[in-house]
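Novice: this is a predicted model, with the sequence first.
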Amino acid sequence: MKEGEIRERAFAMPFTSPAFPPGPYRFINREFLIITYRSDPDKLQAVVPEPLLLEEPVVKYEFIRMPDSTGFGDYTESGQVIPVSYKGRKGGYTHCMFLNDHPPIAGGRELWGFPKKLANPTLHDEIDTLVGTLDYGPVRVATGTMGYKHRNADLRAVQAALEAPNFLLKIIPHVDGTPRICELVEYYLEDIDIKGAWTGPAALSLSPHALAPVAELPVLEVLSAVHIICDVTLGLGKVAYDYLR
């Protein structure tokens, strides 16, 4: 195998059978349950990286079903997003993510820097309730519930939220264990087609876990919840800030 062939074909690990295909990545009937809650401002300040600015002491806890994802298949994801701003633009910083499918774990970490770990989240309807759960091994660490489609949500507000910039802290280590890449990455959802969005009463419970520490950002008050079904394309990112430069 020639050096030029390696350069031409290399885009992901392992070289001979990459864990994920090249993008773009389209998601059909992607379903969100997003519960927004007030949390401890000191705890939030401690995890939001500069140069991002904390907007308010609020966290968005997300459960996401992805039944039809280009290259990634059928999987579910759960995690926390913190509202922030960067150079005057409001968006969200993804603090942690847990999912049950290897290709999007590998692709998400290697391409964008998504903070993904293997766990077992679910999102499903239970009679009159939308239920999201996150289990890390046998331990339940998150449970979110919302009344099923109680009221239509403001589609313009939902569209604006989905179109906002998203920020990630991407870290790729060198062979000696030091960071070779340490960047703030910015990305967007594209070609958004909202098929429905609803609000309703909601509750969220987070339990302590050593390796899935979602409860470190405690729930002080549930503020709102939204249930969204849409088609989206996950756009490739750009480097917003290089910590090693």
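Specialist: Done, it's in.

Novice: give the contact list for the residue lying closest to residue 43 once chain neighbours are set aside.
Specialist: Taking Cβ to Cβ, 6 or more residues apart in numbering, and ignoring the residues beside it in sequence, residue 43 has residue 217 as its nearest neighbour in space, at 5.6 Å. Just so you know, the C-beta spots here come from the backbone N, C-alpha and C atoms, and that holds for glycine as well. Contact analysis of residue 217 by Cβ atoms under 8 Å, 6 or more residues apart in numbering lists 39-40, 43-44, 47, 59, 80, 82, 95, 206.

Novice: quickly list what residue 37 is bridged to.
Specialist: Judged by DSSP bridges, the bridge partners of residue 37 are residue 59, residue 222.

Novice: look up the closest residue to residue 103, ignoring the ones flanking it.
Specialist: In space, residue 103 comes closest to residue 20 once its chain neighbours are excluded; the distance is 4.3 Å by Cβ to Cβ, 6+ apart.

Novice: do residue 172 as well
Specialist: Residue nearest to residue 172 in three dimensions, not counting chain neighbours: residue 181, with 3.9 Å by Cβ to Cβ, 6+ apart.

Novice: which strand or helix spans the one you found?
Specialist: When elements are assigned from DSSP states H and E, residue 181 belongs to strand 179-187.

Novice: what does the helix or strand just after that strand rub up against?
Specialist: Using DSSP H and E, the helix or strand that follows strand 179-187 towards the C-terminus is strand 189-199. When contacts are defined by Cβ under 8 Å, 6+ apart, strand 189-199 is touched by residues 26, 29, 148-155, 158-159, 162-163, 166, 224-235.

Novice: filter the residues you listed to the buried ones?
Specialist: By the neighbour-count criterion of 16 or more other Cβ atoms under 10 Å, the contacts of strand 189-199 include these buried positions: 26, 149, 153, 158, 162, 166, 224-228, 230, 232-235.

Novice: so which of those residues sit within strands?
Specialist: Counting by DSSP state E, the members of the buried ones among the contacts of strand 189-199 that fall within strands are 26, 166, 224-228, 230, 232-234.

Novice: which two from the residues you listed end up farthest apart in space?
Specialist: Taking Cβ to Cβ as the measure, those reach their widest spread between 26 and 224, a distance of 28.3 Å.

Novice: circling back to that earlier point, nearest to residue 1, of the buried ones among the contacts of strand 189-199?
Specialist: Using Cβ to Cβ, the shortest approach to residue 1 within these belongs to residue 234, at 31.1 Å.

Novice: could you dump the ones in strands among the buried ones among the contacts of strand 189-199 to CSV with distance to residue 200 and pLDDT?
Specialist: Putting those into CSV (distance: Cβ to Cβ, whole Å; pLDDT from 0 to 100) gives the following:
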residue, distance to residue 200, pLDDT
26, 28, 97
166, 25, 98
224, 10, 98
225, 6, 98
226, 9, 98
227, 7, 98
228, 13, 98
230, 18, 98
232, 22, 98
233, 28, 98
234, 27, 95
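
Novice: go through these and name the one nearest residue 107.
Specialist: Minimum distance to residue 107 across these is 9.5 Å, recorded for residue 234 (Cβ to Cβ).

Novice: circling back to that earlier point, is it true that the residue nearest to residue 103 touches residue 107?
Specialist: Yes: contact between residue 20 and residue 107 holds when scored by Cβ atoms under 8 Å: they sit 3.7 Å apart.

Novice: helices of the chain, start to end?
Specialist: If you assign secondary structure with DSSP state H, the helices in the chain sit at 3-9, 41-45, 102-107, 155-163.

Novice: CSV please, covering those helices and showing distance to residue 74.
Specialist: CSV is the format used below for these (distance: least, Cβ to Cβ, whole Å):
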stretch, distance to residue 74
helix 3-9, 28
helix 41-45, 33
helix 102-107, 11
helix 155-163, 21
